[in-house]
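In: have a look at this fold, sequence not included:
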């Protein structure tokens, strides 16, 4: 950074690469999907029960791993369309 009457800015070319174990925070994360319903509208839903873990290797990103578990019976929609199997005759 320079400070001789010039505009200063941080050096953004060198930064830490994320490394380590990180838990996916369900309060600040969303897992969702969208499906076309009756060729009229898209129904959007998000899962309310999930958890996940990221194992990041900043030096070798191809060795990073992600684990995710989603309770498939937990989708919530913002419309009147339900996503239960029994409502669609799939039981």
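Out: Looks like it came in fine. From a predicted model like this one, the values you see are computed outputs, not experimental measurements.
In: going forward, measure contacts between C-alpha atoms and count neighbours the same way
Out: OK.
In: so what's residue 32 up against?
Out: 44-47 (C-alpha atoms under 8 Å, 6 or more residues apart in numbering).
In: what stretches of this protein score poorly on pLDDT?
Out: Counting by pLDDT under 70, the chain has low-confidence residues at 1-15, 37, 78-91.
In: what about the nearest residue to residue 70 once chain neighbours are set aside, neighbour count?
Out: Spatially, and ignoring its direct neighbours in sequence, residue 70 is nearest to residue 50 (4.4 Å; C-alpha to C-alpha, 6 or more residues apart in numbering). Neighbour count of residue 50, defined by other C-alpha atoms under 10 Å: 17.
In: follow-up on the earlier one: mind checking which of the contacts of residue 32 land in strands?
Out: 44-47 (DSSP state E).
In: what pairs with residue 23 across the strands?
Out: Residue 23 has these beta-bridge partners by DSSP bridges: residue 53.
In: what sits against it?
Out: For residue 23, the contact set (C-alpha under 8 Å, 6+ apart) comprises 51-54.
In: select only the buried ones of the residues you listed in PyMOL?
Out: With 16 or more other C-alpha atoms under 10 Å as the burial test, the buried ones among these are selected in PyMOL as follows:
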select buried, resi 54
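In: can you list the contacts of residue 23 in a markdown table and add distance to residue 34?
Out: Converted to a markdown table, those look like this (distance: C-alpha to C-alpha, whole Å):
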| residue | distance to residue 34 |
| --- | --- |
| 51 | 20 |
| 52 | 21 |
| 53 | 24 |
| 54 | 25 |
